[in-house]
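Enquirer: got a predicted structure plus its sequence, pasted below:
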Amino acid sequence: MGSQSFGGWADSARQPVDTARQALGEAGEAARRGYDDASRQARQAYEQMEDAIGPYRQSLEDAIVSNPVKAVGVSLAVGVLLGWLIKRS
């Protein structure tokens, strides 16, 4: 009789554990779906951004290749300006 009461206690304890395990599994699945959706949206946004800036990027690369000395001068001037602003604040 003692083993039957212990078996009943174990069964009653097992049910909440199984319920919690199932709930965690469902929560994990929902989190995975949310991550997949966010990842897909981020990829789409990145692709749209690449499409939008593609022509500007190509023209910038062409300008740098055709005028390398001017490109270095502009980069140096921007660096000096930023350094001065950072040092000042």
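Expert: Here it is on my side, so go on. Numbers count the residues shown, from 1 in each chain.
Enquirer: which stretches in the chain count as strands?
Expert: Shown for the chain, no strands are assigned by DSSP state E.
Enquirer: give me the most central residue, it.
Expert: With distances taken as Cα atoms, centre = their mean, the residue of the chain nearest its centroid is residue 39 (6.9 Å).
Enquirer: report the separation between it and residue 75.
Expert: 35 Å (Cβ to Cβ, to the nearest Å). Quick note: C-beta positions are derived from backbone N, CA and C, even for glycine.
Enquirer: same question for residue 69.
Expert: 11 Å.
Enquirer: pick out whichever of these two has more residues nearby.
Expert: It is residue 75, of residue 69 and residue 75, that has more neighbours when counted by other Cβ atoms under 10 Å, with 11 against 7.
Enquirer: check contacts around that one.
Expert: By Cβ atoms under 8 Å, 6 or more residues apart in numbering, the contact list for residue 75 is empty.
Enquirer: can you give me the pLDDT of it?
Expert: Confidence at residue 75, expressed as pLDDT, is 95.
Enquirer: same thing with residue 79?
Expert: Listed pLDDT for residue 79 reads 96.
Enquirer: and the average pLDDT for the biggest helix by length in the chain is what?
Expert: Scanning the chain for the helix with the most residues, using DSSP state H, yields helix 2-66. In this model, helix 2-66 carries a mean pLDDT of 85.
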